[in-house]
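Undergrad: mind folding the following:
(2 chains)
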2 protein chains.
Amino acid sequence: MNRAEAIARRKNSPNQSQMHFARKGIITEEMAHVANDESIDPAMVRDEVAAGRLVIPANIHHLSLQPVGIGMALRCKVNANIGNSELTGTIETELDKLRISVRYGADTVMDLSTGGDIDAIREGIIANSTVPIGTVPIYHALESVSSIRELTVDKILGMIEHQAKQGVDYMTLHCGLLREHLPLVRRRLTGIVSRGGAIMAQWMLEHDAQNPLYTHWSDILEICARYDVTISAGDGLRPGSQHDASDEAQFAELTVLGQLADRAWDKDVQIMIEGPGHVPFDQIEMNVKRQIQACKGAPFYVLGPIVTDVAPGYDHITSAIGATAAAYAGAAMICYVTPKEHLGLPNLEDVRQGLVAHKIAAHAADIARHRPGARTRDDEMSKARYAFDWERQFELALDPETARSYHLETKSEDCYISEDFCSMCGPRFCSMRLNRMLEERYGS
Amino acid sequence: MNRAEAIARRKNSPNQSQMHFARKGIITEEMAHVANDESIDPAMVRDEVAAGRLVIPANIHHLSLQPVGIGMALRCKVNANIGNSELTGTIETELDKLRISVRYGADTVMDLSTGGDIDAIREGIIANSTVPIGTVPIYHALESVSSIRELTVDKILGMIEHQAKQGVDYMTLHCGLLREHLPLVRRRLTGIVSRGGAIMAQWMLEHDAQNPLYTHWSDILEICARYDVTISAGDGLRPGSQHDASDEAQFAELTVLGQLADRAWDKDVQIMIEGPGHVPFDQIEMNVKRQIQACKGAPFYVLGPIVTDVAPGYDHITSAIGATAAAYAGAAMICYVTPKEHLGLPNLEDVRQGLVAHKIAAHAADIARHRPGARTRDDEMSKARYAFDWERQFELALDPETARSYHLETKSEDCYISEDFCSMCGPRFCSMRLNRMLEERYGS
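TA: Numbers count the residues shown, from 1 in each chain, chains lettered A, B, ... in the order given. A predicted model of the protein is given here:
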């Protein structure tokens, strides 16, 4: 789609949000694009956007964007976090991470950079990205002052508007963590583990004041409406351990997020809600259902959840397990976790590992939710397996290079491989060949 | 425990099975060992063994064994498959795989070798293993003849007794796949994918006869009772694709397995039931509950299940997702799947990856099932994270070397790391440090 033309035609509207147009009964180019992408009725996309159950993060300044919808009516989406820290990472590295993220199927990408030339990195990422870009503005806001005491409300709002102008499609705002919630944290093993949540908590302590993202919600909504920034309401009190899951602090914040979602919708501003975190497997469905209820169906965007704390180095797996259960229960987007979680910053290989693990989770949940067409690729793969069509199997694989290289590794060890059997069983024990006998006997 | 002495004291019993002793009210050394290992009442272990809900695979000829219990009353167990094919693998390689399996927490190991000096490999593995060893006798039986036509019933029974004498603790027998089930397979995309199932099907076709493991069930039970071999009733008709899951063929076989379990219990023979396979996430709980009902609570031992077919190279992850759901629903043991599944034979690194992924699944399910003490290690890890105690984190990790090396990788990139912050956020955005401020303000 040509976004520049579409946006130009709508330029006189005081509110640029997809929700605003949807509520006027308009099917925008973005909605039509999403509907086409997901093979569903454009009117349904419009109605879901109007109801707040579906967001299309699409800043009017992000012209290279191919719009993506996030909502329960659609395929489950996967976000990849990239971004440097104060200590490591350059713009080239981050653009490489963007490319590998999109290549391995990231539906959105968050730039969490906190060091170096943050503006240049962000602008480079937005200019080069066809997928929606998310940020956490408070990171850069804090980076721009010498201490948190100097971080005024104006500077925070200024940073939100600055990033909105740059074309950021969605922003994580830790707006539901209130001053009165802070004492609830003392019962935890791991306190506040959300970086943004920790910054807001520190701000409240240092300024002896309420959360400015909460007190200035109307100002924020006004900015978001103007550029169509989708709010991703951050869960600053998400649990950082199995022990802390589903506690009073977490749910106190969720209640406030539900109230803020209502206020966003009053101004036709798109909003989704972020969720945990570290959650035992048996509490995941309850968490999703509770969010849906508290936030009246606003799309739920979960980080993991991670289902055990004892597997550093493998948290892409602990997270993929929880994410499958969350997406099956109704989460609309899952944020990837890489093998480096809890240990360090991910490199390119970690980004790939994290993405494939979470594409698996999202896809498995789509199959389990019986989304139309979700199993088609699996069935094609199964047919290719049955036919010993290795090239077709690689083509259908989520990561064709890895599948091919693993297969070739065994092939070279075994000296040979034929089309009639594979190296797992050898020529004598091939169960696939038996199936041909069965077909001959009983028909197929 | 000193197994030789314990077994010698019981040598006059015509039936050597743990179930036989349990039903006489005896708490054997093996039961006491399991009870101690799991911190539960020995009388409860005995009663569960007597009821058939718990098996302790412990061949009287496997003297180096440290007995392991498999049942819903206990921690979820993980099995690792090792073994060569006709084309690849030596005894040294297989012993290396055994060692790495035990090191990364395999509760049992199956030797699926089908090539080379199979007897020497099996004997070497049993002699060197403290964990129960399982096999699929039909593999070696077929290997010992020049074609399946020459594989007589006597040869099959002879092989079962031969392996029982060698000290195999449990044997997969594809006894529930009947001749009349074969036509049901034609509706499938991937036919019969179980190697043992395919062999039995081929046997039935070539011999124009019923499954000999079914017709000679009483003879098999007699052998198993004598050596206390636990039967692992194989699911020869397990689905090999999402498409084929939960079909008529699969459940027809399951019904027969339930009948055969009853007959095993009539002879005080221990039995568990194998399960799928490839199953969509939404069908897993149903599959487990159905097995529990059809087989009256016999322990369920599942392979995966894999929740999507499109991720060759990552099937340790697709399987860990399904295995968590299965174990949470009541499966007693999960069989690992390695990244090489569907592509080739696993090497040592694949064994490690497969094991860690499935230890995660089993542990996550134990937490979710609220098994006493299951979360203790997670809580210790969380405390170590909160305290920035990296050494303690590595110590508690399922794979300490990987966790340490990932952490050091970032450390070297960042030039330094202090005990007060980690390289993920850098010194300025450290959320853990904020928590100390909260503690000072509100107490801890």
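Undergrad: from B:Gly344, how far out is the residue nearest the centre of chain A?
TA: By CA atoms, centre = their mean, chain A has its centre lying nearest to A:Asn79, at 2.9 Å. Counting by CB to CB, to the nearest Å, the gap between A:Asn79 and B:Gly344 amounts to 33 Å. Where C-beta positions appear, they are placed from N, C-alpha and C, glycine not excepted.
Undergrad: what do you get for A:Lys77?
TA: For A:Lys77, the distance to B:Gly344 equals 33 Å [CB to CB].
Undergrad: and what of A:Arg186?
TA: To B:Gly344, A:Arg186 is 52 Å away according to CB to CB.
Undergrad: same drill for these two, tell me which one is more crowded.
TA: Set side by side, A:Arg186 and B:Gly344 show more neighbours around B:Gly344, with 25 against 15, by other CB atoms under 10 Å in any protein chain shown.
Undergrad: confidence score at the more buried one?
TA: In this model, B:Gly344 is scored at 87, pLDDT.
Undergrad: for burial, what's the neighbour tally of A:Glu401?
TA: Quick note: A:Glu401 (other CB under 10 Å) scores 11 neighbours.
Undergrad: ok, A:Ala311 touching B:Pro400?
TA: No: here A:Ala311 does not reach B:Pro400: they are 11.1 Å apart, not a contact under CB atoms under 8 Å.
Undergrad: of these two, who's got more company?
TA: Set side by side, A:Ala311 and B:Pro400 show more neighbours around A:Ala311, with 30 against 15, by other CB under 10 Å.
Undergrad: could you tell me what pLDDT the model assigned to that one?
TA: 98.
Undergrad: got a list of what it touches?
TA: A:Ala311 is in contact with A:317-318, B:356, B:360, B:397-399, counting by CB atoms under 8 Å, 6 or more residues apart in numbering or on different chains.
Undergrad: that one in helix, strand or coil?
TA: Here A:Ala311 is coil, with the state taken from DSSP: H, G, I helix; E, B strand; the rest coil.
Undergrad: A:Ile292 now?
TA: Each residue gets one of three states, and A:Ile292 gets helix by three-state DSSP.
Undergrad: hang on, it packs against A:Ala332?
TA: No: the pair A:Ile292 / A:Ala332 is not scored as a contact, 10.0 Å apart, by CB under 8 Å.
Undergrad: what is in contact with those two at once?
TA: Residues touching both A:Ile292 and A:Ala332 (CB under 8 Å, 6+ apart): A:Phe300.
Undergrad: what about these two, which has more around it?
TA: A:Ala332 (27 against 19).
Undergrad: pLDDT value on the more buried one, please?
TA: 98.
Undergrad: with A:Ser423 instead?
TA: 55.
Undergrad: now for A:Gly313, how many residues are close by?
TA: The local packing of A:Gly313 (other CB under 10 Å) involves 24 other residues.
Undergrad: so which strand or helix has the closest residue to it other than its chain neighbours?
TA: Spatial nearest neighbour of A:Gly313, excluding adjacent residues (CB to CB, 6 or more residues apart in numbering or on different chains): B:Thr402 at 3.9 Å. Here B:Thr402, judged by DSSP states H and E, is contained in helix B:400-414.
Undergrad: and that helix, C-alpha only, in CSV?
TA: C-alpha atoms of helix B:400-414 as CSV (Å, rounded to 0.1, in the frame of the first residue of the first chain):
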residue,chain,number,x,y,z
PRO,B,400,25.5,-24.2,34.6
GLU,B,401,28.2,-24.1,31.9
THR,B,402,25.9,-22.6,29.3
ALA,B,403,24.6,-20.0,31.7
ARG,B,404,28.1,-19.0,32.7
SER,B,405,29.5,-18.9,29.2
TYR,B,406,26.6,-16.7,28.0
HIS,B,407,27.2,-14.4,30.9
LEU,B,408,30.9,-14.2,30.3
GLU,B,409,30.4,-13.5,26.6
THR,B,410,28.5,-10.3,27.4
LYS,B,411,30.9,-9.5,30.1
SER,B,412,33.9,-9.5,27.8
GLU,B,413,32.0,-7.4,25.2
ASP,B,414,31.1,-4.9,27.8
